[in-house]
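Enquirer: give me a 3D structure for the following:
(one chain, ligands or ions: 1)
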Amino acid sequence: MPFSRHWSHQLPSGRTIEITTVTDRPELANADIDVGGWPAFMRHNRVSEAYFPQMVTAFASTCLIATADGKPIGDAHSVQLARGDRPEFPSGGWEQSVVWAFSDARHGIRPDTACALNISVARDFQGEGLAALLLAALRDTSAALGLAVLDAPVRPTHKHHEPTTPIQEYASRIRPDGLPFDPWLRTHVRGGGRITGVAPASWVIAGSLAEWRSWTGLPFDCSGPVEVPGALVPVECDVVGDRAVYVEPNVWVRHEFSTD
Ligand SMILES: CC(C)(COP(=O)(O)OP(=O)(O)OC[C@H]1O[C@@H](n2cnc3c(N)ncnc32)[C@H](O)[C@@H]1OP(=O)(O)O)[C@@H](O)C(=O)NCCC(=O)NCCS
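Expert: Residues are numbered from 1 along each chain as shown. As a prediction, this is how the structure comes out:
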């Protein structure tokens, strides 16, 4: 029987949303979800440019689409890979995971791990718990496929407010109720995830100073760290070399599945 998953939920606003795998609705793969305010420079990661559009085809059973009235309003992309002898939580986070996943798929290696690389919710639907529903659906579909865990190199959504705070310190900051300070890490932990470490070099964007100026509107005229709106850490500018490099750290979260 073909693999098929389907979830239906009512949001606090009363709107009904449907979640399915891309296997079930391939025509909605790669739908454009307007999340609002995504920094322009973030669209220039080369590993993502090469692989992101292929994820929904290569890993359709762990890629999800959420719709309201038939229109796409959220999605979640998760690749599948075999940990084997590889580090469980590689420093290269997002980029390393996607490269390993496509390498395994090319060589026909059976995956044992799902790795969530993106969850997006359309701006009109944010703040209603849809991301948590997508995450729960990702866990469910990964477990149903027989995968052992769902890992995620998480981009903490409020880290950009304090780019000079070390990521280890930020990731381990806890509220009085014992949950992470960061809202997106909090959603993962509430959903059953456990913070397991950081990926200091998860997502790299390198370009000429002219490119960085066009992406950010900033002068990039002095060597050294440059704080860019939306960036989790400063961008390193090298005027003599005519280049600037952003090395984004992410936070590893592991979701284990109940064996009951
Ligand atoms: C991050 C994102 C997926 C969260 O989706 P969501 O459906 O709004 O999330 P939830 O409603 O489950 O809320 C999750 C937490 O974020 C908080 N939150 C949601 N929207 C927020 C906003 N606009 N401002 C501040 N906090 C917000 C919620 O309060 C909640 O935390 P709390 O309940 O502990 O207070 C969504 O905002 C998004 O798509 N952002 C752009 C893309 C992105 O950053 N994706 C994640 C990295 S891949």
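Enquirer: any buried residues in the one helix or strand Ala76 maps to, and which?
Expert: In the assignment (DSSP states H and E), Ala76 maps to strand 71-81. Using 16 or more other Cβ atoms under 10 Å as the test for burial, strand 71-81 gives Pro72, Ile73, Gly74, Asp75, Ala76, His77, Ser78, Val79, Gln80, Leu81. Every residue, glycine included, has its C-beta placed from N, CA and C.
Enquirer: and which of those is nearest the ligand?
Expert: Within the buried residues of strand 71-81, the smallest distance to the ligand is 7.2 Å, found for Gly74 (Cβ to the nearest ligand atom).
Enquirer: just for the chain, where's the confidence low?
Expert: Residue ranges of the chain with pLDDT under 70: 1-2, 259-260.
Enquirer: other SSEs contacting the strand holding Ala76?
Expert: strand 16-21, helix 46-58, strand 63-68, helix 93-107, strand 113-121, helix 130-144 (3 or more Cβ pairs under 8 Å, 6 or more residues apart in numbering; DSSP states H and E).
Enquirer: and Glu236, how far is that from the ligand?
Expert: 23 Å (Cβ to the nearest ligand atom, to the nearest Å).
Enquirer: check the burial of the closest residue to Thr23 other than its chain neighbours by counting its neighbours.
Expert: Leaving aside its sequence neighbours, Thr23 sits nearest to Ala60 (Cβ to Cβ, 6 or more residues apart in numbering; 4.3 Å). Ala60: 17 surrounding residues under other Cβ atoms under 10 Å.
Enquirer: the stretch 151-260 of the chain against the ligand: which residues are in contact?
Expert: Proximity of the stretch 151-260 of the chain to the ligand (Cβ under 6 Å from any ligand atom) is limited to residues Arg155, Thr157, Pro183, Trp184, Arg186, Thr187.
Enquirer: quick one: contacts for the fifth one?
Expert: Shown here is Arg186, whose contacts under the criterion Cβ atoms under 8 Å, 6 or more residues apart in numbering are Arg175, Leu179, Pro180.
Enquirer: are any of those residues buried, and if so which?
Expert: Neighbour-count burial (16+ other Cβ under 10 Å) applied to the contacts of Arg186 gives Pro180.
Enquirer: turn the contacts of Arg186 into a markdown table, including distance to Gly108 and secondary structure.
Expert: Formatted as a markdown table, those follow (distance: Cβ to Cβ, whole Å; DSSP: H, G, I helix; E, B strand; the rest coil):
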| residue | distance to Gly108 | secondary structure |
| --- | --- | --- |
| Arg175 | 45 | coil |
| Leu179 | 41 | coil |
| Pro180 | 38 | strand |
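Enquirer: so which residues on the stretch 1-150 of the chain come close to the ligand?
Expert: Counting by Cβ under 6 Å from any ligand atom, the residues of the stretch 1-150 of the chain close to the ligand are Val35, Asn118, Ile119, Ser120, Val121, Gln126, Gly127, Glu128, Gly129, Leu130, Ala131, Ala132.
Enquirer: what pairs with the closest residue to the first one other than its chain neighbours across the strands?
Expert: Put plainly, it is Val35. Nearest residue to Val35, sequence neighbours excluded (Cβ to Cβ, 6+ apart): Ser120, at 5.1 Å. When bridges are called by DSSP bridges, Ser120 pairs up with Asp75.
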